[in-house]
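1. Structure of the sequence below:
(chains A and B)
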Amino acid sequence: MAHKYKLIYFDRRGRGEVARLLFAAAGVEYEDFRFKKEEWPKYKGTTPFGQCPVLEVDGKPLTQSNAIVRHLAREFGLAGKTAWDQAQVDMILETMQDIANPISVICLCKDEEEKHALKATYEEETLPRYLEAVQKILAANKDGKGFLVGDEMTVADLSLFWTLDCIPVMVKNPTAKFPKLQEFRDRIAAVPNIAAWLEKLPKTADWDNSNVEHNP
Amino acid sequence: MAPKYRLTYFNLRGLGEIIRLTFAAAGVEFEDVRVTEEEWAKIKPTTPLGHIPMLEIDGKPLAQSNAIAHYVAREHGLAGESNMEQAQVDMFVDTWQDVAKPLIDIYYIKDEETKRELTKKYSEETVPTFMASLEKLLCSNNDGDGFLVGNKVTLADIAFINVMSWLDSLGPNVLEKFPKLAALRKRVEAIETIAEYIKQRPKTDH
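-> So this is what the prediction gives:
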């Protein structure tokens, strides 16, 4: 019997979006429950660790965005076909975190000088290094004309797609020097289920400081 | 035929230890290569993402400590028995990382006064808040007298004892108010292959 899914998160993309993309890619129904930042104190105490997103599966709560994403990916057959493929997918998911997390750190930095320095390092060293490595991984599979791992879309592709959309809040045109990544991004956006989701998704702020305030 | 595993990391616990502990829990042999900074500089360009730990499985490289730990756990039945159990294991592994993260951030702070203040807040507020939730979740599984997920040791429990080895720096009473977690730690560290590994591993600061 089909599971009943409820995703509980802020009314923004942030750490809930890859889960939403998974539901879209798999064509699976779910309740996309969103609350405003001011409402969070009301829900915080009801969650396992005072954090969101939370995924309720038939009423049972699961938290930690990575755990949610991996679980849905496995349930929907989007986690990689073999054990090795799954490991490669995991490796890419972790790398997407390495790309996205510094953005939060920079956003939260209160000292202007330090913020400026961190942003420069990210833009000039960290980001290009990672994008080059990811482009190399992509290019090694069907010359970058397919997916990151294996022959079919996996959650790794959805995570890269979303991460590439996050970066511009800190660094404009991140894929300017990485044509294969830009082409990949556009190709994923054109997948019918994904295109339909992008068309209807609520137009909310993609990334703001409050994105990182929900942890205890 | 069993695969040949080769783990490359620094001579630290750091990001590599969860992998070493998972091999120990599984009772599986692996080559535990510990490199110096100089040696690392030489092999860095040959790695998939330019950082370690890295695990070579019959020569094929895999990076990212979490991806590696999960792979080793899955291959050896330590990742949870069903999809839902695997998700629970993932949830705990990520939460143990959330518990440890502030301590790692504090380590890099230079100002002693700030360091002291933040450590105090971490020790008196952050850690107990997390532990209270974790003790509650542990108790919802076999009354807390088994493991964090399901009926056997998983990566969730391994991540716990790994993080505890860092929290020990806060003092001996971290789990004083959380008896089920304290007992779980003892239980997991007493597993024969884990106990043996802990006994003989190099003694490093982190």
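2. how would you label the residue of chain A most remote from its centre: helix, strand or coil?
-> Farthest-out residue of chain A from its mean C-alpha position, per Cα atoms, centre = their mean: A:Glu113, at 29.1 Å. Three-state call for A:Glu113 (DSSP: H, G, I helix; E, B strand; the rest coil): helix.
3. Mind pulling up the pLDDT for it?
-> A:Glu113 is assigned 93 on the pLDDT scale.
4. what about residue 136, neighbour count?
-> No chain was given, so I picked chain A. Per other Cβ atoms under 10 Å in any protein chain shown, the neighbour tally for A:Lys136 reads 13. The C-beta positions use only the backbone N, C-alpha and C, and glycine is treated the same way.
5. look at chain B instead
-> 13.
6. ok, now B:Arg187?
-> 15.
7. what comes into contact with whatever helix or strand it lives in?
-> If you go by DSSP states H and E, B:Arg187 is part of helix B:179-189. Here helix B:179-189 makes contact (Cβ atoms under 8 Å, 6 or more residues apart in numbering or on different chains) with B:131, B:134-135, B:138-139, B:144-145, B:147-148, B:153, B:157-158, B:160-161, B:164, B:175-176, B:194-195, B:198.
8. Just the ones of those residues in helices?
-> B:131, B:134-135, B:138-139, B:157-158, B:160-161, B:164, B:194-195, B:198 (DSSP state H).
9. Give me the buried subset of these.
-> B:Met131, B:Leu134, B:Glu135, B:Leu138, B:Asp157, B:Ile158, B:Phe160, B:Ile161, B:Met164, B:Ile194, B:Ile198 (16 or more other Cβ atoms under 10 Å in any protein chain shown).
10. Please name the nearest non-neighbouring residue to A:Val54.
-> A:Ile8 (4.5 Å; Cβ to Cβ, 6 or more residues apart in numbering or on different chains).
11. by contact count, what packs against the lowest-mean-pLDDT helix or strand in chain A?
-> For chain A, the helix or strand with the lowest mean confidence is helix A:40-44, at a mean of 91 (criterion: mean pLDDT, DSSP states H and E). Contacts defined by 3 or more Cβ pairs under 8 Å, 6 or more residues apart in numbering or on different chains; DSSP states H and E place helix A:40-44 against no helix or strand at all.
12. circling back to that earlier point, show me which of the ones in helices among the contacts of helix B:179-189 is closest to chain A.
-> B:Leu134 (8.1 Å; Cβ to the nearest Cβ).
13. Distance-wise, check the closest residue to the closest one other than its chain neighbours relative to chain A.
-> If the residues on either side of it in the chain are set aside, B:Leu134 comes closest to B:Leu181, at 6.3 Å by Cβ to Cβ, 6+ apart. The gap separating B:Leu181 from chain A is 14 Å, by Cβ to the nearest Cβ, to the nearest Å.
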